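> Sequence and predicted model, in that order:
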Amino acid sequence: MLSSFLSRCALIPVLYCVLAGGGQTAQARMVARPVSWDFEHTRFDSVLVYDDAVATKRPGLLMVPAWFGVNETAIHKAEQIARQRYVILLTDMYGAGIRPRDTAQARAAVSPLLADRALMRRRVGFALQQFRAQAKTAPLDASRLAAIGFCFGGAAVLDLARSGADIAAAVSFHGNLGTDNPALAKDIHAHVLAMNGADDAATVSDFGPFMQEMRQSPAPWQFLVIGHAVHCFTETEATATTGQCRYDPQAAAQSYALMDQWLVRSFEDIRP
C-alpha cells in the first residue's frame, strides 16, 4: 500500500500527497497551541500551528476555515498546509462560545458577519495584529505574512485584503466573492488569488461582479475557475458523491499547488 501511495505522489503535488497520505511527514513535530484575545467585548480562541522540528523563521499564513470554524478537522488541515514551510494562525471569527456542530448552527454563526462586513473586516484585521505578535515566541517571519481562507473563510480573507491590510497575498478557496463595497478594491495591496468551481451554484453568480471589482485593484490578482468542481472542493470531510458541497481531490491538488506558487511570487515581490 505504501509503494502504491508513493507512486501516486510522484505524479501529483507534494501537499496533496501529504493530505491524501494522512499527514505522513518525516520527523514532523507539529505544534497546535491556543492563542486567545479579547476584541469588542468578545473573546476569541484561535490556534497557532507550526512544525517545531526546525527553528528557521518562515512565512505566516492567517487561515480562516470554512463555516464550521475552529475544530479538529480545521486544525488537521492547517497542520497539513503548514508542514515546515509556514506558521499558521487558524483564526476564530465567531467568538469562543460559538462552535457550530451542524449546518444550521454554521449558518447562524456566519450570518451576522456576512450581514455586517465592516465587523468582519475589523475582526480579521485584529486577528492579523495578534498574529504578528506571535513572532516573539514562534518561528514566524512577520515580514512575510499572507492570508488564506476556505468557503466563508475565503470571504474573510478577501475582506482583509479589501481593508488595505499589509499582507503579501490573500488566497481564497471556493470562497464567497461578494462585497458590500466594490470601491474598496482600490485599497488592496495584497496579491489576490481566488479559486472557485465552475459548477459552484453558491458563488457562480458573483463571478462577473468579482472580476469587475478586482479590475479596480492596483495589485496583481488572478481568478481561476476550475472545471467540473463545485463548492467545498478542498474539504475532505465533504464526502458526498453528489450535491453542491463535495470534495474533489484533483481540484484540491491543483488549487494547493497554485497557492504555493502564488505565495512564493508574492513573498518575493515584497523583498527590498
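Good, I have the coordinates.

> What lies in contact with stretch 226-246?
Stretch 226-246 is contacted from outside by 19, 66, 73, 77, 150-151, 173-174, 195-203, 247-248, 251-252, 254-256, using C-beta atoms under 8 Å, 6 or more residues apart in numbering. For glycine as for every other residue, the C-beta is placed from the backbone atoms N, C-alpha and C.

> which ones are touching Gly175?
Applying C-beta under 8 Å, 6+ apart, we find Gly175 in contact with Gly149, Phe150, Cys151, Phe152, Gly153, Gly154, Ala155, Val157, Leu158, Ala194, Asn196, Thr203.

> Helices along the chain, start to end?
Using DSSP state H, the helices of the chain run over 2-9, 14-20, 72-82, 103-115, 117-133, 152-162, 207-214, 249-269.

> picking that back up, and which of the contacts of Gly175 is nearest Ser36?
Using C-beta to C-beta, Gly153 comes nearest to Ser36 of the contacts of Gly175, at 19.0 Å.

> Buried among the contacts of stretch 226-246? Need that as a selection in PyMOL.
A single PyMOL command selects the buried members of the contacts of stretch 226-246 (16 or more other C-beta atoms under 10 Å):
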select buried, resi 19+66+77+150+151+173+174+195+196+197+199+200+202+203+247+248+251+252+254+255+256
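
> Report the mean confidence score over stretch 226-241.
For stretch 226-241, the mean per-residue pLDDT is 95.

> buried stuff in it?
Neighbour-count burial for stretch 226-241 flags Ile226, Ala229, Val230, His231, Cys232, Phe233, Thr234, Glu235, Ala238 (criterion: 16+ other C-beta under 10 Å).

> Most widely separated two among those?
Ile226 and Ala238 (15.0 Å).

> In terms of pLDDT, where does Phe126 sit?
pLDDT at Phe126 comes out at 98.

> Excluding sequence neighbours, find me the nearest residue to it.
Nearest residue to Phe126 in three dimensions, chain neighbours excluded: Phe39, at 4.8 Å (C-beta to C-beta, 6 or more residues apart in numbering).

> so that neighbour makes contact with Val124?
No - assessed by C-beta atoms under 8 Å, Phe39 is found out of contact with Val124, at 10.5 Å.

> Now do the contacts for the residue nearest to Phe126.
Taking C-beta under 8 Å, 6+ apart, one finds Arg122, Arg123, Phe126 in contact with Phe39.

> From those residues, pick the one nearest Tyr94.
Arg123 (9.0 Å).

> Bridged to the residue nearest to Phe126, which residues?
For Phe39, the residues forming beta bridges with it (DSSP bridges) are Thr42.

> ok, it to Arg58 distance?
26 Å (C-beta to C-beta, to the nearest Å).

> likewise Gln105?
Taken as C-beta to C-beta, the span from Gln105 to Arg58 is 35 Å.

> These two: which has the busier surroundings?
Each of Gln105 and Arg58 has its neighbours counted (other C-beta atoms under 10 Å); Arg58 has more, 20 against 14.

> what residues are up against the more buried one?
Tyr50, Gln84, Arg85, Tyr86, Val87, Pro139, Leu140, Asp141, Arg144.

> Kindly report the same for Arg162.
Arg121, Thr179, Asn181, Leu184, Ala185, Asp187, Ile188.

> just the buried members of the contacts of Phe39?
Arg123, Phe126.
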